[in-house]
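[1] Here's a sequence, model it:
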Amino acid sequence: AKRYFNTTADQLNIVQSATIAAITKNPNAYDPSVESNQPESEKQRNIVLQLMNEQGYISDAEYQEAVNTPLADTLDVQPISTGCMAADYDAGYFCDYVVHKILNSKEFGKTSEDRERLLKEGGLKIVTTLDIDANTLLNETARNTIPPEDSSGMEIVMASVKPGTGEVLGFGLNRTYDATEAAQNDQTRDSMNYAVDREDGGGMGFSIGSSWKPINLVAWMEAGHSVNENLQTSTRYSTSLFACDRYTGGTDTWNVTNAITNGTVNPETPALALARSHNTTQASMGSIIGLCKIADTATELGYHDANTGETLDKTASFVPAMMVGNVNVSPLTMASIFAVYASNGVQCDPIALKQVTDVDGNDIKVPSANCHQAVDPEIIQTLAWAMNQGVVRPDGAGGVAQLANGRKTFAKTGTHEDQLVTTGGFIPNQIATFVLVGDVQNPVGHPIANIAINGQYHSYWDGSTIAAPAWRDFMN
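    Have a look, this model is predicted:
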């Protein structure tokens, strides 16, 4: 009905209904949208009309009027898009995330086949968490930061979450959602949503650099330590210093450097180490509280491996370098972790579905965000203060993230070995956003260094040079 006549099934008239009935006998040969098929399609339509008249479904007058109507005059052929490529509001990637959530959630059927059948044939009404304005601005910001056709080939991936709810507000990528084969040879189009976990239609996860460090500070405070303790730091740490019940440590040496100063600052407090984004002090903190405490804190904040879904202590990332962001995480998971900071310690699993009803209007249970108080609010308040120091201090690493009109800003930048650069941050109780930039398909082989992006050349790109400005522009 929509394809050939631009109407709905319940509004079809006699001529249109007979045409559709005739097409089903041989859809290719009788397709009326192909002009050369129209004479035969009209002939077959008239056979149906004759049978309807003979069997008393239409009167002689209705029959005569119908067969005398040229087929071509009845057509209003429309292009029909299916699946998430048809999504409005530049929401193809969000739509794809919703589809994966339904197909992966037991609430919608015992087996994947059951869930797919329900989605495609169940007449569902699906109400999502999509914020159209946020999603539109995320995509605009991504494409303004790095145009899709930019010669650098770099990608930017953004995700936003509403704190205290788990609601995913939208995604921003400098690509157009396209699930066709043509996208494989077009850098401006892709069906892979690199903002989410692999099982949700995303990639294998990413190392994020120093935007991980707020997790270390939460773990430090939960272990009973002050952010103002003076710590001695070094550039060399025996891995045995980080031993705990799930990590033996071994006999290796972890060589740690600071991106800006290269050496160490002695003594240095954990609060200043976060503001200045120093790695050596992270190592000192980890050697005192142990690797297991940091991994456990990451879990309570909502961290899991983007590729396997496992907690940090069950993955190959469970080594001291995890304290400087050598992990395997999706931007959405990180946005959700920053949402914990934004909601005074309330952790929620990301959700995309608000309500789903079946064809009869009955509610189908949707996955829960499982919101709960995960971290002491006083610890979160102290963390927020330290994050803000990184923005406002002259020696802070995140000054470029400062929001307009002097608004108090909470953000943390990150850089991972010239491969990926990041920024995460939040506005309390309103929104948390995470940004990642790099060649997400080949970060090792195509580093973000000695390269021009959107007409601007840098030998060294970091979170402050591109990810933080994108974060700031969107949040403003």
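[2] Run the chain-centre distance for the helix or strand where M387 lies.
    Taking DSSP states H and E as the definition, M387 sits inside helix 377-392. On the basis of CA atoms, centre = their mean, to the nearest Å, helix 377-392 is displaced by 25 Å from the centre of the chain it belongs to.
[3] Could you look up the next helix or strand downstream of that helix?
    strand 410-416.
[4] For that following strand, name the packing helices and strands.
    In terms of contacts (3 or more CB pairs under 8 Å, 6 or more residues apart in numbering; DSSP states H and E), strand 410-416 is packed against helix 213-222, helix 377-392, strand 420-427, helix 468-475. C-beta here means a position set from N, CA and C on the backbone, and glycine is covered the same way.
[5] Compare these and give me the one nearest I294.
    helix 213-222 (4.5 Å; CB to CB).
[6] Give me the contact list for the closest one.
    Residues outside helix 213-222 that contact it (CB atoms under 8 Å, 6 or more residues apart in numbering): 227, 270-271, 273-274, 277, 282, 285-286, 289, 293-294, 296-298, 301, 303, 323-325, 337-338, 341, 375-376, 379-380, 382-383, 386-387, 412, 414.
[7] Can you tell me which of the helices and strands packed on strand 410-416 is packed in deepest?
    strand 420-427 (a mean of 28; mean count of other CB atoms under 10 Å).
[8] what helices or strands is that strand leaning on?
    If you count contacts as 3+ CB pairs under 8 Å, 6+ apart, strand 420-427 packs onto helix 331-342, strand 410-416, strand 431-438, helix 468-475.
[9] Run through the neighbouring helices and strands of the first one.
    Counting by 3+ CB pairs under 8 Å, 6+ apart, the packing neighbours recorded for helix 331-342 are strand 155-162, helix 213-222, strand 346-347, helix 377-392, strand 420-427, strand 431-438.
[10] How about the last one?
    Contact here means 3+ CB pairs under 8 Å, 6+ apart; on that basis helix 468-475 packs against helix 132-145, strand 155-162, strand 410-416, strand 420-427, strand 431-438.
[11] Now the first one: buried residues?
    Spelled out, it's helix 132-145. For helix 132-145, the neighbour count (16 or more other CB atoms under 10 Å) marks A134, N135, L137, L138, N139, T141, A142, R143, T145 as buried.
[12] now swap in stretch 154-172 and tell me
    Buried residues in stretch 154-172, counting neighbours by 16+ other CB under 10 Å, are found at 154-172.
[13] Stretch 287-297 now?
    S287, I289, G290, L291, C292, K293, I294, A295, D296, T297.
[14] how about the third one, what does it touch?
    Contact analysis of G290 by CB under 8 Å, 6+ apart lists F242, A243, C244, Y247.
[15] can you check the fifth one too?
    Taking CB under 8 Å, 6+ apart as the criterion, C292 is in contact with C244, D245, R246, Y247, D313.
[16] thought the fourth one was touching F318?
    Yes. Using CB atoms under 8 Å, Y247 is in contact with F318, at 6.3 Å.
[17] if I look at the two, which residues touch both of them?
    L291.
[18] So what would you say the end-to-end distance of stretch 372-381 is?
    17 Å (CA to CA, to the nearest Å).
[19] Start the count at 33 instead of 1 going forward.
    Shifting the count to begin at 33 puts that one at stretch 404-413.
[20] Quick one: the buried residues of stretch 319-329 as JSON lines, columns for pLDDT, secondary structure and distance to N58 too.
    As requested, those are exported to JSON lines (pLDDT from 0 to 100; DSSP: H, G, I helix; E, B strand; the rest coil; distance: CB to CB, whole Å):
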{"residue": "S319", "pLDDT": "98", "secondary structure": "helix", "distance to N58": "75"}
{"residue": "I321", "pLDDT": "98", "secondary structure": "helix", "distance to N58": "73"}
{"residue": "G322", "pLDDT": "97", "secondary structure": "coil", "distance to N58": "72"}
{"residue": "L323", "pLDDT": "98", "secondary structure": "helix", "distance to N58": "67"}
{"residue": "C324", "pLDDT": "98", "secondary structure": "helix", "distance to N58": "67"}
{"residue": "K325", "pLDDT": "99", "secondary structure": "helix", "distance to N58": "69"}
{"residue": "I326", "pLDDT": "99", "secondary structure": "helix", "distance to N58": "66"}
{"residue": "A327", "pLDDT": "99", "secondary structure": "helix", "distance to N58": "62"}
{"residue": "D328", "pLDDT": "99", "secondary structure": "helix", "distance to N58": "64"}
{"residue": "T329", "pLDDT": "99", "secondary structure": "helix", "distance to N58": "64"}
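[21] Great, nothing more from me.
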